[in-house]
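Colleague: Sequence and predicted structure are below.
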Amino acid sequence: MSVPSVIIHRDADMLAKAVAARVITGLVDVQSSRGSASLVLTGGTVGIATLAEIAASPARDAVDWRHLDIWWGDERFLPSGDPERNETGARAALLDHVDLDPARVHVMRGPDSGMTAEESADAYAEELRRAARPEDHAPAPSFDILLLGMGPDGHVASLFPGMPALYDTRPVVAVHGAPKPPPTRISLTLPVIQAAREVWVVAAGEEKASAVRLALSGSGPVQIPAAGARGRQRTLFLLDRASASKIPASLGRISSP
Ligand SMILES: O=C1O[C@H](COP(=O)(O)O)[C@@H](O)[C@H](O)[C@H]1O
């Protein structure tokens, strides 16, 4: 697993713009060497703002959207089209504005599919298994870029502090009783997250400052799930000044004046 690098931007707006630029460049780089790429989306405020910035960027046309697999790190177990679903926000902010191959948009299904949360998690695990290549040596692809928002309690995806999902070794799990609504969710687990090539934790706001410090300073993932957000080749903590305000100055590289 890689050691996190911390990059700090002026504010949430600049952070979303900078992460958007990074995503575009990252996807173009992967596609130019391998043809297709994979991107795991997150919900949450900065996550969705980043997608809107990608959509607004003239550079977005440098990405070959038809050869991109879109996955989700987590989903709120709500019917399709529900405004609280991460998918709904992602579609409105970006996915509806670019020429994706619908077969490569891998949605975590909600209760309107007729599935229980457990069945939906199992169906997603099966979709991941089918997408895994021999070189992944795992029942899921090694994603090129996996984006994670982070809550003030340090949760990433739908992995909340102290909850059983943090010990689960299956690739995808149903989560019940989440402290943030809605209580039922579907989430990738830490083994799949940690198999991604690059994991980028994106956070803004003073209310996240303590969790950011703990995630970067030796806490375990059961206490602070973001502490387990590490990529195989690269881990980035992309922060605004407020969320970075409690980490030692030596840890962060200021990127926006
Ligand atoms: O519920 C969720 O929250 C987190 C963080 O959201 P934020 O609004 O505090 O940025 C998000 O990463 C996750 O995908 C989502 O389901």
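Modeller: Looks like it came in fine. Numbers count the residues shown, from 1 in each chain.
Colleague: Show me where the chain has its helices.
Modeller: 12-34, 45-56, 86-93, 117-131, 190-194, 209-216 (DSSP state H).
Colleague: mind putting those helices in TSV, mean neighbour count and distance to L100 included?
Modeller: C-beta here means a position set from N, CA and C on the backbone, and glycine is covered the same way. TSV is the format used below for the helices of the chain (neighbours: other C-beta atoms under 10 Å; distance: least, C-beta to C-beta, whole Å):
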stretch	mean neighbour count	distance to L100
helix 12-34	18	12
helix 45-56	21	12
helix 86-93	20	10
helix 117-131	18	15
helix 190-194	21	22
helix 209-216	22	32
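Colleague: shouldn't V3 be in contact with T235?
Modeller: Yes: counting by C-beta atoms under 8 Å, V3 does reach T235; the two are 7.0 Å apart.
Colleague: more crowded one of the two?
Modeller: T235 (21 against 8; other C-beta atoms under 10 Å).
Colleague: Pairing partners for the helix or strand bottoming out on mean pLDDT in the chain, with directions?
Modeller: None of the helices or strands of the chain scores lower by mean pLDDT, DSSP states H and E than strand 252-254, at a mean of 76. Here strand 252-254 is paired, per DSSP bridges, with strand 4-9 (parallel).
Colleague: Between helix 209-216 and the partner strand, find me the angle.
Modeller: Compare the direction of strand 4-9 with that of helix 209-216 by axes from the mean of the first three to the mean of the last three C-alpha atoms, to 10 degrees and you get 150 degrees.
Colleague: Mind checking the pLDDT average for strand 4-9?
Modeller: Mean per-residue pLDDT for strand 4-9: 96.
Colleague: relative to helix 12-34, how tilted is that strand?
Modeller: Going by the same axes, to 10 degrees, strand 4-9 makes 130 degrees with helix 12-34.
Colleague: buried ones in strand 4-9?
Modeller: By 16 or more other C-beta atoms under 10 Å, the buried positions in strand 4-9 come out as 4, 6-9.
Colleague: before we move on, back to that, can you give me the buried ones in the least confident helix or strand of the chain?
Modeller: In terms of neighbour count (16+ other C-beta under 10 Å), strand 252-254 has its buried residues at G252.
Colleague: gap between that strand and the chain center?
Modeller: In terms of C-alpha atoms, centre = their mean, to the nearest Å, the centre of strand 252-254 is found 22 Å from the chain centre.
Colleague: Which of the buried residues of strand 4-9 sits closest to the ligand?
Modeller: Nearest to the ligand among the buried residues of strand 4-9 is H9, at 15.1 Å by C-beta to the nearest ligand atom.
Colleague: Next up, the contacts around the closest one.
Modeller: With contact taken as C-beta atoms under 8 Å, 6 or more residues apart in numbering, H9 is in contact with 15, 18, 238-241, 255-256.
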